[in-house]
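J.: When you get a sec, could you give me coordinates for this:
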Amino acid sequence: MVNLVIMGAGLIGYRHVKLVADDPHLQLVGVVDPDISRHLDDGNRYFASLDDIDSPVDGVIIATPTGLHFEHAKEALARGWHLLIEKPVTATPEEADALIPLVQQAKRHCLVGHHRRYHPAVQTLRERVAADEFGTITTSTMMWAMKKPDSYFANNWRTTDGSPVMINTIHDIDLMRFVLGEIVSITGLATNHIRQDARVESAALSIAFASGAIGAISISDTALSPWGFEAGIGENPNIGTTGQDMWWITGTKGAVSFPSLTSWAGAEDWGRAVKPQSHDSHKVTPLQAQLDHFRAVIQGSEAPLITVEDAAASLKATWMIEQQLAAQI
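T.: The predicted structure follows:
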């Protein structure tokens with residue numbers, strides 16, 4: 001039995017609470033949140049501070065606001081706990097760089113919550129790209145467009161700092177890095193013409209990969225659409241499932257759309273029609289797969305799928321474009 005603590009009782013924190021509490025291989029020691037109004041009468045123990053915990057702990061899931069990730073990670077490492085930090089790993093690239101040696105010195109493992117990497121369809125896509133099934137990759141086109149409710153931004157930090165770039169697009173950038181390789185540059189355009197808050201609402205990004213491929217991401221948190229990872233996969237209970245593809249990759253031998261993994265091939269050039277092929281990939285909740293992996297890493301049976309160093313690279317790419325876009329608002 002692996003003993004876990006969850007820090008942060010927000011939207012994502014509560015999802016972790018349910019998963020850990022229902023897992024027969026895990027023991028939920030408790031949930032830490034200084035806001036006692038978030039302490040539920042759900043049979044789990046709640047603490048206002050880490051200092052209040054009075055039971056053995058093996059690892060912690062840090063689901064607190066991003067600005068607290070670095071300090072909370074340091075506190076947990078000082079106690080000898082393994083870490084699973086929700087994305088982004090820290091608030092700034094400088095903090096991410098500072099965290100790397102602390103994890104090494106503590107001789108603990110630190111995973112980062114880019115949980116989409118754990119989805120079987122993502123793993124399958126990565127394998128098929130690596131196997132040269134689509135030839136040399138030429139383009140990658142992705143869309144994330146969801147209409148977040150007004151309550152999501154009401155009377156909280158998201159009014160100014162709730163850009164979909166750092167909250168949502170960082171997942172998409174990490175996905176592209178995981179499947180297609182390193183990103184060497186990003187540029188984009190942004191707008192805030194719907195809610196007119198002091199933050200990015202919608203943006204279009206252009207991406208260059210080290211491989212020579214180019215990519216594009218279209219994002220908006222004010223648009224009602226069926227396109228986005230969560231909607232396509234159906235893994236988030238707070239977002240309606242549409243089953244629609246939201247990522248299209250082209251190569252010199254064929255193309256593929258995600259998450260359906262429908263591929264297109266069968267022609268040498270545009271003089272002949274390409275043909276579709278379906279590809280099944282069983283469904284699993286990425287957060288559960290991530291949790292299973294965290295347990296295995298703590299127990300020493302698996303190597304980390306994503307480290308602080310890897311997550312820092314996704315953060316740096318996202319941070320760069322966030323600063324560029326914010327200057328346009």
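J.: quick check: domain ranges of this protein?
T.: 2-108, 117-283+315-326 (automatic domain parsing).
J.: Okay, strands next: where are they in the stretch 51-200 of the chain?
T.: Using DSSP state E, counting those that start in this stretch, the strands found in the stretch 51-200 of the chain span residues 59-62, 82-85, 110-112, 137-145, 183-191.
J.: since we're on Ala231, how many residues are nearby?
T.: 22 (other CB atoms under 10 Å). To be clear about C-beta, it is placed using only N, CA and C from the backbone, and glycine gets the same treatment.
J.: Just give me the neighbour total for the nearest residue to it once chain neighbours are set aside.
T.: Nearest-residue entry for Ala231: Thr242, 4.4 Å, with adjacent residues in sequence omitted and distances by CB to CB, 6 or more residues apart in numbering. By the measure other CB under 10 Å, the count of residues near Thr242 is 16.
J.: ok, now the one 5 residues further on?
T.: Per other CB under 10 Å, the neighbour tally for Trp247 reads 24.
J.: quick one on the thing from earlier: who wins for proximity to Lys253 among the strands of the stretch 51-200 of the chain?
T.: strand 137-145 (9.9 Å; CB to CB).
J.: Please export the alpha-carbon coordinates of stretch 88-100; CSV is fine.
T.: Written as CSV, here are the backbone C-alpha positions of stretch 88-100 (Å, rounded to 0.1, in the frame of the first residue of the first chain):
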residue,chain,number,x,y,z
PRO,A,88,2.7,23.5,-15.3
VAL,A,89,5.5,22.2,-13.1
THR,A,90,6.2,25.7,-11.7
ALA,A,91,5.1,29.3,-12.3
THR,A,92,8.3,30.3,-14.2
PRO,A,93,11.1,28.5,-16.1
GLU,A,94,13.6,29.8,-13.5
GLU,A,95,11.7,28.0,-10.7
ALA,A,96,11.7,24.8,-12.8
ASP,A,97,15.4,25.0,-13.3
ALA,A,98,15.9,25.5,-9.6
LEU,A,99,13.7,22.5,-8.8
ILE,A,100,15.8,20.1,-10.8
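J.: Report the buried residues of that stretch.
T.: Pro88, Val89, Thr90, Ala91, Pro93, Glu95, Ala96, Leu99 (16 or more other CB atoms under 10 Å).
J.: What of stretch 316-323?
T.: Of the residues in stretch 316-323, those buried (16+ other CB under 10 Å) are Lys316, Ala317, Thr318, Trp319, Ile321, Glu322.
J.: outside of that stretch, which residues touch it?
T.: 88, 92-93, 96, 163, 165-166, 169-170, 173, 177, 183, 186-188, 200, 205 (CB atoms under 8 Å, 6 or more residues apart in numbering).
J.: quick one: average confidence on that stretch?
T.: Average pLDDT, stretch 316-323: 95.
J.: What is the distance between that stretch and the centre of its chain?
T.: How far stretch 316-323 lies from its chain's middle: 15 Å, per CA atoms, centre = their mean, to the nearest Å.
J.: what's the answer for stretch 295-312, then?
T.: With CA atoms, centre = their mean, you get 15 Å for stretch 295-312.
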